[in-house]
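Undergrad: 3D, please:
(one chain, ligands or ions: 1)
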Amino acid sequence: MLDVTNVSKLFNPGTPDEKIALMNANLQIEAGDFITVIGSNGAGKSTLMNLISGVMKPDIGQIRIDGTEVQGLAEYKRSRWIGRVFQDPMAGTAPRMTIEENLTMAYKRGQSRGLGWGATAAKRKLFREQLSRLGIGLENRMSARVGLLSGGERQALSLLMATFTKPQILLLDEHTAALDPARAELITRLTEEIVRDMKLTTLMVTHNMEQAIRLGNRLIMMDKGRIILDVPAERKINLTVSQLLGEFERISGHQLSDDRIVLG
Ligand SMILES: Nc1ncnc2c1ncn2[C@@H]1O[C@H](COP(=O)(O)OP(=O)(O)OP(=O)(O)O)[C@@H](O)[C@H]1O
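TA: Residues are numbered from 1 along each chain as shown. This next block holds a predicted model:
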């Protein structure tokens, strides 16, 4: 479904600031896979997400979704194929627009022809249904400006907007890291529900080791621009946090240096 083949990415090549962000990365993702991604600071996790979403180009290698190279996709197709939620709750929504206007934007992004924009009642009904799935009462606040929502509410809306039109792949880039523990738990639960119900192929970067083990059916570990371990479901199910950290140390030769690490 998604193929990352021999991908490398360098920043500032040939200068004293040269950084290898990704080195010969290979990853095959099957439809329906939910993969958690952990790694040290600067391991290349966000770069991998940026390359998959097509906002960056690999220096070497290819990234294909169902055989089509991501870089070749027109912007409107990319945004239909790829849903993304960032760490910053401000990143995925427009603060001065209302919830309804934000959802309209997300809906239009995924459709060449839509509900027919005269059909306001049908559109509202759809939005209200989708919002009520979140279970936090946003369906009763459709005319509220998004800038007035809490970080958790905004992130829930971002998640809904990113998945509104069933993307081929959902990229979650530490999307719970900026939230307090209760809100982070809410967004994690919503993520699990949406991914399961919509059968979304998902890649989720997290600093929470317990979450990385518990969620999804695969776990990949990154260090210094390389994917150093790919743990399948049957191994992941019995893994403990200390075994995971031990495995990282054994393969990389050093401790997992992640300044935002949460053990569980
Ligand atoms: N735009 C850029 N210009 C220069 N160097 C960059 C740029 N983006 C990333 N890098 C470097 O590339 C490497 C990989 O960065 P990346 O952000 O992908 O890592 P990460 O695993 O997401 O890190 P973290 O967990 O600390 O957010 C790092 O050394 C980083 O400093």
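
Undergrad: low-confidence ranges, the protein, go.
TA: Applying pLDDT under 70 to the chain flags residues 110-119, 258-259.

Undergrad: middle-most residue in it, spatially?
TA: Of all residues in the chain, the one closest to the mean position by Cα atoms, centre = their mean is Leu172, 1.5 Å from it.

Undergrad: name whatever forms a beta bridge with it.
TA: Using DSSP bridges, the bridge partners assigned to Leu172 are Val85, Met204.

Undergrad: any idea how far it lies from Val85?
TA: Note on Leu172: its distance to Val85, by Cβ to Cβ, to the nearest Å, is 5 Å. C-beta coordinates here come from the backbone N, C-alpha and C atoms, glycine included.

Undergrad: and if you look at Leu27?
TA: 20 Å.

Undergrad: can you tell me the closest non-neighbouring residue to Arg145?
TA: Closest residue in space to Arg145, ignoring its immediate chain neighbours: Thr98 at 5.8 Å, by Cβ to Cβ, 6 or more residues apart in numbering.

Undergrad: ok, now which ones touch that neighbour?
TA: Shown in contact with Thr98 (Cβ atoms under 8 Å, 6 or more residues apart in numbering): 142-146.

Undergrad: which among those residues end up buried?
TA: Among the contacts of Thr98, those classed as buried by 16 or more other Cβ atoms under 10 Å are 142, 146.

Undergrad: what is the nearest of the contacts of Thr98 to the ligand?
TA: Among those, Val146 lies closest to the ligand (Cβ to the nearest ligand atom), at 25.5 Å.

Undergrad: skipping adjacent residues, who's closest to the closest one in space?
TA: Thr93 (4.8 Å).

Undergrad: give me phi/psi at the one you found?
TA: Per-residue torsions, Thr93: phi -130, psi 160 (degrees, to the nearest 10).

Undergrad: again, but for Phe86
TA: According to degrees, to the nearest 10, Phe86 has phi -100, psi 170.

Undergrad: could you check how far it is from Met161?
TA: For Phe86, the distance to Met161 - Cβ to Cβ - is 12 Å.

Undergrad: quick check: neighbours shared by those two?
TA: Residues within reach of Phe86 and of Met161 at once, by Cβ under 8 Å, 6+ apart, are Gly92.

Undergrad: find the nearest non-adjacent residue to Leu73, please.
TA: Nearest to Leu73 is Gly54, by Cβ to Cβ, 6+ apart, at 6.3 Å.

Undergrad: wait, is that neighbour part of a strand?
TA: No: read with DSSP: H, G, I helix; E, B strand; the rest coil, Gly54 is coil and lies in no strand.

Undergrad: which ones are touching it?
TA: Gly54 neighbours (Cβ under 8 Å, 6+ apart): 63, 70-71, 73, 78, 82.

Undergrad: could you redo the last one with a cut-off of 10 Å?
TA: 63, 65, 69-73, 75, 77-79, 81-82 (Cβ atoms under 10 Å, 6 or more residues apart in numbering).

Undergrad: re the thing from before, including distance to Pro232, could the contacts of Thr98 go into TSV?
TA: Shown next, in TSV, are the contacts of Thr98 (distance: Cβ to Cβ, whole Å):
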residue	distance to Pro232
Met142	42
Ser143	47
Ala144	44
Arg145	45
Val146	39
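
Undergrad: kindly format the C-alpha coordinates of the helix or strand harbouring Met161 as PDB.
TA: Per DSSP states H and E, Met161 falls inside helix 151-163. Extracted in PDB, the C-alpha atoms of helix 151-163 (Å, rounded to 0.1, in the frame of the first residue of the first chain):
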ATOM      1  CA  GLY A 151      -6.200  22.400  23.000                       C
ATOM      2  CA  GLY A 152      -7.900  19.000  23.400                       C
ATOM      3  CA  GLU A 153     -11.100  20.100  21.700                       C
ATOM      4  CA  ARG A 154      -9.100  21.500  18.800                       C
ATOM      5  CA  GLN A 155      -7.000  18.400  18.500                       C
ATOM      6  CA  ALA A 156     -10.200  16.300  18.400                       C
ATOM      7  CA  LEU A 157     -11.500  18.500  15.600                       C
ATOM      8  CA  SER A 158      -8.100  18.300  13.800                       C
ATOM      9  CA  LEU A 159      -8.400  14.500  14.000                       C
ATOM     10  CA  LEU A 160     -11.900  14.600  12.600                       C
ATOM     11  CA  MET A 161     -10.900  16.900   9.800                       C
ATOM     12  CA  ALA A 162      -7.800  14.900   8.900                       C
ATOM     13  CA  THR A 163      -9.900  11.700   8.600                       C
END
